[in-house]
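Colleague: Build the 3D model from these lines:
(one chain, ligands or ions: 1)
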Amino acid sequence: MKKPIIFSGLQPTGIPTLGTVLGATENWARLSAEYNCLYCVVDMHALTIRQDPETLRSYSRNALAWLIALGLSPDENTLYFQSHVPAHGELAWILNCYTYVGELNRMTQFKDKSAKNEENINAGLYTYPVLQAADILLYQASLVPVGEDQRQHLELARNIALRFNGIYGEVFTVPDVYIAPVGAKIMGLQTPEKKMSKSEAENENNLVLVSDAPEAILKKFKRAVTDSDNEIRFAEEKPGISNLLTIFACATGKTIPQAEAEFAGQGYGQLKTRVGEAVVEMLKPYQDTHAKLMADGAYLDTVIKEGAAKAADMAAPTLTAVKKAVGYPMPV
Ligand code: TYM
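Modeller: Coordinates of the predicted model:
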């Protein structure tokens, strides 16, 4: 029997953060067995913010190695660069013509990113969610595992698919979003009311990168913002403590109530140390594998080449069906 398809993506705009791992890639690895999965380094999306070419190239390769290191075997998953499969761009153009400006105007990430990059509010930043819809619909993905911040983009992808199907028949699978119950929004260690994000790197203590050395990780957790009542429990009015409990639960495979029970009667200092240690322990094997992968250029090259070929093959039938549906002349 054919397995249902998963698609998800990661921007190579820096080294992945702990948020990316706990909110996304840990779930990707868990879902790999039951689905036919494509995990894509979305370098085309990264261009919406000005990038240094050499840095983008090196982060892209680095990100692909992280996907493997984080447990996504290239033998079982399709791992590739978005720019290596031109069908993404071709479908994005078509879907632009089936997306309303009113819908794009409502995208909160566009508003946030525009506010942060006032000098470069480019058209790509605006139509970014359409390219994201193309990524997903191109492969007939039925499930898209992402963090909470991507929910609105996924809703748009569904609406575009439904609209297109409404006009032309069942061309696209309408994808469901998968957002994990715990870890879908890991917050900054210094600003626990805001998502941990690599684009908010002004304060390096705010975010943990997957490549951080153990001492750095422990130090960042020791400095994490808490509150003044000294009670370790998960609650909306305690964003710092709740975030630490969430990270601990995700890093150790425990539930939030189990994490709360474990720290009953302890102080914030102990909590911060134990969470830091749990993260160091979780990341260590990933870091070791990543270092080995980066040292084996030939192996990575093969993964990159084979991933692109496999993804292009999977994308081709959908793109052909779409071109036929909209009335492009067929090649003769
Ligand atoms: P990106 O590169 O910002 O993040 C990759 C994945 O990590 C999740 N994530 C988080 N989860 C929990 N807490 C956090 N602090 C945190 N930070 C990041 C994100 O939700 C995401 O799942 N637009 C996407 C990339 C993309 C994509 C796609 C995703 C392009 N096309 C198609 C799914 C399907 C993005 O910028 O992710």
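
Colleague: how about the residues of the stretch 1-150 of the chain near the ligand?
Modeller: Selection of the stretch 1-150 of the chain residues close to the ligand by Cβ under 6 Å from any ligand atom yields 7-11, 19-20, 23-24, 42, 45, 132, 135-136, 144, 146-147, 149-150. C-beta coordinates here come from the backbone N, C-alpha and C atoms, glycine included.

Colleague: Tell me who's in contact with the closest residue to the ligand within the stretch 101-250 of the chain.
Modeller: The nearest approach of the stretch 101-250 of the chain to the ligand comes at G147, 2.5 Å away (Cβ to the nearest ligand atom). Residues near G147 by Cβ atoms under 8 Å, 6 or more residues apart in numbering: G19, T20, G23, A24, I179, A184, K185, I186.

Colleague: repeat that for 10 Å
Modeller: Applying Cβ atoms under 10 Å, 6 or more residues apart in numbering to G147 gives the contacts 19-20, 22-24, 27, 179-180, 183-186, 195-196.

Colleague: Just the buried subset of these, please.
Modeller: Among the contacts of G147, the ones that count as buried by 16 or more other Cβ atoms under 10 Å are 19-20, 22-24, 27, 179-180, 183-186, 195-196.

Colleague: Export the contacts of G147 to JSON lines and append columns for secondary structure.
Modeller: As requested, those are exported to JSON lines (DSSP: H, G, I helix; E, B strand; the rest coil):
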{"residue": "G19", "secondary structure": "helix"}
{"residue": "T20", "secondary structure": "helix"}
{"residue": "L22", "secondary structure": "helix"}
{"residue": "G23", "secondary structure": "helix"}
{"residue": "A24", "secondary structure": "helix"}
{"residue": "N27", "secondary structure": "helix"}
{"residue": "I179", "secondary structure": "coil"}
{"residue": "A180", "secondary structure": "coil"}
{"residue": "G183", "secondary structure": "coil"}
{"residue": "A184", "secondary structure": "coil"}
{"residue": "K185", "secondary structure": "coil"}
{"residue": "I186", "secondary structure": "coil"}
{"residue": "K195", "secondary structure": "strand"}
{"residue": "M196", "secondary structure": "coil"}
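
Colleague: Show me where the stretch 1-150 of the chain dips below the pLDDT cut-off.
Modeller: Scanning the stretch 1-150 of the chain for pLDDT under 70 picks out no residues.

Colleague: Kindly apply the preceding question to the stretch 201-332 of the chain instead.
Modeller: 201.

Colleague: Break down it into its helices, ranges please.
Modeller: Along the stretch 201-332 of the chain, the segments classed as helices by DSSP state H, counting those that start in this stretch run 214-222, 239-252, 256-262, 268-295, 297-326.

Colleague: Packed most tightly, which of those would that be?
Modeller: Most buried of these by mean neighbour count (mean count of other Cβ atoms under 10 Å) is helix 239-252; its value is a mean of 23.

Colleague: Report the angle between that one and helix 268-295.
Modeller: 50 degrees (axes from the mean of the first three to the mean of the last three Cα atoms, to 10 degrees).

Colleague: which helices and strands sit right next to helix 239-252?
Modeller: In terms of contacts (3 or more Cβ pairs under 10 Å, 6 or more residues apart in numbering; DSSP states H and E), helix 239-252 is packed against helix 18-20, helix 256-262, helix 268-295.

Colleague: To G166, which of those helices lies closest?
Modeller: With Cβ to Cβ as the measure, helix 18-20 is the member of these nearest G166 (34.6 Å).

Colleague: Outside of the closest one itself, list whatever touches it.
Modeller: Under Cβ under 10 Å, 6+ apart, the answer for helix 18-20 is 10-11, 14, 26, 63, 66, 70, 147, 149, 183-189, 195-198, 207-210, 212, 217, 220, 247, 250-251, 279, 282-283.
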